[in-house]
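Q: With the input below, show me the fold.
(chains A and B)
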Protein chains: 2
Amino acid sequence: MQDDMGIVLTELEAALGTRGILTGPDACAGYAADQSGLVLGTPGVVLRPADTAETSVAVKICAAHGLPIIPQGGRTGLSGGGCALPGSVVLNCERMTGIEEIDLGAMTMTVHAGTPLQVVQEAAREQGLDYPVDIGARGSATIGGTIATNAGGVRVLRHGMTRQNVLGLEAVLPDGSIMCRLGKTIKDNSGLDLKQLFIGSEGIFGIITRAVLQLRPMTPGYSTALLGLRNHEAALKCLALARSHFKDALAAFEGMWPDYWDHVCQHGLARSPFHERHGFYLLIEAACDQPQDTVQMEGFFEAAHEAGLVQDGVLAQSLAEAQALWQIREVVGEVDASFGPHVNFDIGIAPSQLGGFCDAVDQSLKDLPFPASTLKVGHIGDGNVHLLVACADRDEAKARIETMVYDLLRGYSGTITAEHGIGRVKAPWLTYCRTPVEIALMQRFKESLDPKLIMNPGALIFK
Amino acid sequence: MQDDMGIVLTELEAALGTRGILTGPDACAGYAADQSGLVLGTPGVVLRPADTAETSVAVKICAAHGLPIIPQGGRTGLSGGGCALPGSVVLNCERMTGIEEIDLGAMTMTVHAGTPLQVVQEAAREQGLDYPVDIGARGSATIGGTIATNAGGVRVLRHGMTRQNVLGLEAVLPDGSIMCRLGKTIKDNSGLDLKQLFIGSEGIFGIITRAVLQLRPMTPGYSTALLGLRNHEAALKCLALARSHFKDALAAFEGMWPDYWDHVCQHGLARSPFHERHGFYLLIEAACDQPQDTVQMEGFFEAAHEAGLVQDGVLAQSLAEAQALWQIREVVGEVDASFGPHVNFDIGIAPSQLGGFCDAVDQSLKDLPFPASTLKVGHIGDGNVHLLVACADRDEAKARIETMVYDLLRGYSGTITAEHGIGRVKAPWLTYCRTPVEIALMQRFKESLDPKLIMNPGALIFK
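A: Okay, the predicted model is just below:
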């Protein structure tokens, strides 16, 4: 094996140059894990091809020697899909950066996969356009990574997931061949839309190398409001009202349960603008024609108030005020220290069932032989709740909570992950939301496209 | 074979009942062809299962006997994907109709595949919502058919193709097993999004039986204008202006070249509201908060006029006036008799290249040894032009024109079909816009999912 590896490394170095390949624990340590908390080990080799052609050659060399590859973007994933296995070969896209073209007529951007999301967003804005996919990790997350994981975020309600914003794709397949279709139109019915299979595939079908992104007209401004309500049911009624009021302009509809609200306020992570406690909190944002134009939002607020849906509300009068309101929602990333050891869930179900599901979870947790409190916050307009359940840091407690929550979920036709993906962390739970027929299909496609099973083994479907 | 067929029919009749199976040329003649003009022969048997379970049993029986199946919706396709082969087994979804549920919280409709598109649209409207996919054949086209062909239409600019409006799907696979995922959220990253492979698959992977559709808030009204311009380049500049002016509200951006305009006016199919001829004609529609609210459109018209882009224009002041303007665009379906024998194209390329491509086609046609005139009309905001080339009704002329147009298209990274699909009519041309790697992938998926090749043989990828 040592000799074999020596031959492989010589071939890879000849193909990629010295800048294109890292070996040894010191150089490779930084490529071990993503943001999921899962750490399996340090890779033995990190490949850093400069372009599609080099990626293709590198994959061909690995395939010829039967060497598994872990594809990596910015390592900001939350499910361990980009986690290296000990001694494994990581292929990182960090050198494949840059914007190839912005086509103003087609409103598209052709971009290399390693380009950070934020660079794409800023380049679009310079042209008076917008790339609407937005996540907290925008500075590090790569376009290729957001496509491979079908990234969501807080603006899904208006412009969809990453899937809805990709027009063309280039990928290197597990045999090193290059699938290239960099079309610039949403209309293309010339046979199977193969890119759809790569979007959200978490690297199991190959390595995304370039993409054509659909840009949108820039939104001049947003109007932002925070509401205190009686309960989740009132929030649901507000959702219907907001949709009929704002229509396509409704951009965010974020919900916070009192457990979450109380926690972040009591631990000084955010400050409540309300004097009283409420049974549910809503953050609503709508696109408008002027920065912080509040006319439409005031109309909505009045209608919601007349319908008896709202107990209290704050309307941002400036960008700074809007950011302060968002702060309460966005500190969810900072609760780890104050909340202690916990299990993270990323549940998705029909919005109308979200309240009932969360109540059922809280009820079931009481039956556990140990205390388990929750924080609940989410993109409730999309039916997506991020549920955090505190538990002692024991594997048994964690497994019991996961089994309990996912068992409950089965009755709701929901998904165990709305946006974070399966990766390696949730792979054991896939059967809780996908049928045997579906899983067999996934495995058949995997075997068909990657018969040697060298692409991201262990991610998404175990293979 | 006769005996075998007798056994199969007995099994099928036992499974589907007498209403569920038609035999004999008289009963089956009406199920022979779609709207493509392609007629291959009358099916030997037409299966009409009442639901998913019956569809599953019927497919299992056919699979056990190695009998190919032609899946059929409303037979409104334009590429022969639903055309029966002589003596073949057709499986028609016409008895699987009905709306199962409208979920107002999720803004979704769960519907059986044989339900006509128009029934879905009307049921959505009754709830103050909208299903935005709209095509001329709405009265006959079934939801299953629109999904299997990823139907487009005139509102793609705003709400995308059918693909962008489907959340959940149930399908019977070539082995009769049922893939069911009727989720109601756009956010679901629990492994591969398998429905994407069925959307636009033209029946080669199985039979769609149910779907969850994403409804939208109803649009209160549209503002419609018809503009006369100097040329396609001016139309492109208008597109950029319209996008920055209307943003997400831009709902239709349809272009008509003078050859089309002159033809429909001279043959009495429509009446020009302009006194003079123009180098290009644009039909623009934008969603607005009031029926036929013209304020925004007037603002756009002024801006376009100031920029020297518009020579003349008409703004609809009522729904009747808007419909009259649309008439000029929509009579494209009626030009067959007056234009004579012709070849139909459904080209898609980057919007900015559409004008150059059409000029190149006109130029190349002059080199042919026979006269060949064009009509050009299309969804130019999406980069989709419907190009009609008149030619004597001889196969040789048709083949020469097709070769010439598709050869030209190769230089534009375009698609030979933006919305009509490949079916049987365009299958021989697939290599003109998809690479060998892509076609090999499609064939691999087909073999993986349908190893006996019994689902819609001959459609999309020859197999």
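Q: those helices in the stretch 351-463 of chain A, which residues are they?
A: A:354-365, A:395-410, A:436-449 (DSSP state H, counting those that start in this stretch).
Q: which strands and helices sit next to the first one?
A: It stands for helix A:354-365. On a contact count with 3 or more CB pairs under 8 Å, 6 or more residues apart in numbering or on different chains; DSSP states H and E, helix A:354-365 meets helix A:232-246, strand A:374-379, strand A:384-390, helix A:395-410. Yep, even glycine has a C-beta here, placed from its N, CA and C like the rest.
Q: Swap in 6 Å and give it another go.
A: Contacts defined by 3 or more CB pairs under 6 Å, 6 or more residues apart in numbering or on different chains; DSSP states H and E place helix A:354-365 against helix A:395-410.
Q: The helix it packs on near chain B anywhere?
A: No - when contact is scored as CB under 6 Å from any CB of the partner chain, no part of helix A:395-410 falls within range of chain B; the minimum is 10.5 Å.
Q: shaky segments in the stretch 351-463 of chain A?
A: In the predicted model of the stretch 351-463 of chain A, residues A:462-463 satisfy pLDDT under 70.
Q: Just list the residues touching the residue in it positioned nearest to chain B, thanks.
A: Chain B sits closest to A:Ser352 of the stretch 351-463 of chain A, with a gap of 3.0 Å, by CB to the nearest CB. By CB atoms under 6 Å, 6 or more residues apart in numbering or on different chains, A:Ser352 lies in contact with B:Gly105.
Q: if we can go back for a sec, could you dump the helices of the stretch 351-463 of chain A into CSV and include mean neighbour count?
A: Putting the helices of the stretch 351-463 of chain A into CSV (neighbours: other CB atoms under 10 Å in any protein chain shown) gives the following:
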stretch, mean neighbour count
helix A:354-365, 18
helix A:395-410, 16
helix A:436-449, 17
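Q: so which of the ones you listed comes closest to B:Thr52?
A: Counting by CB to CB, B:Thr52 lies closest to helix A:436-449 out of the helices of the stretch 351-463 of chain A; the figure is 12.6 Å.
Q: For the spatially closest residue to A:Asp193 that is not a sequence neighbour, grab the count of nearby residues.
A: Counting by CB to CB, 6 or more residues apart in numbering or on different chains, B:Gly200 is the residue found nearest to A:Asp193 once chain neighbours are left out, at 5.7 Å. B:Gly200 has 25 neighbours, counted by other CB atoms under 10 Å in any protein chain shown.
Q: what about B:Gly200, is that helix, strand or coil?
A: Assigned with DSSP: H, G, I helix; E, B strand; the rest coil, B:Gly200 falls in the coil class.
Q: For it, give its distance to B:Thr415.
A: B:Gly200 sits 12 Å away from B:Thr415, going by CB to CB, to the nearest Å.
Q: and what of A:Thr162?
A: 22 Å.
Q: again with A:Leu67
A: The value you get for A:Leu67 to B:Thr415, if CB to CB is used, is 37 Å.
Q: Which of these two has more residues huddled nearby?
A: Using other CB under 10 Å, the more surrounded residue of A:Leu67 and B:Thr415 is B:Thr415, with 25 against 19.
Q: List the contacts of A:Gly313.
A: A:Ala225, A:Leu227, A:Phe301.
Q: Just among those, which is most surrounded?
A: Busiest of the contacts of A:Gly313 [other CB under 10 Å] is A:Leu227, holding 25 neighbours.
Q: Could you report the neighbour count for A:Val39?
A: 12.
Q: That one touches A:Arg75, doesn't it?
A: No - with contact defined as CB atoms under 6 Å, A:Val39 does not reach A:Arg75; the gap is 11.6 Å.
Q: ok now do the spatially most central residue of chain A, which residues does it touch?
A: Of all residues in chain A, the one closest to the mean position by CA atoms, centre = their mean is A:Ala151, 3.6 Å from it. A:Ala151 makes contact with A:Val133, A:Ile135, A:Thr162, according to CB under 6 Å, 6+ apart.
Q: Return the closest of those residues with respect to chain B.
A: When the contacts of A:Ala151 are compared against chain B (criterion: CB to the nearest CB), the nearest one is A:Thr162, at 9.9 Å.
Q: Enumerate every residue touching that closest one.
A: A:Val133, A:Thr146, A:Ile147, A:Asn150, A:Ala151.
Q: one more time with 10 Å
A: Applying CB atoms under 10 Å, 6 or more residues apart in numbering or on different chains to A:Thr162 gives the contacts A:117, A:131-133, A:135, A:143, A:145-153, A:156, A:199-200, A:211, A:213, A:419, B:189.
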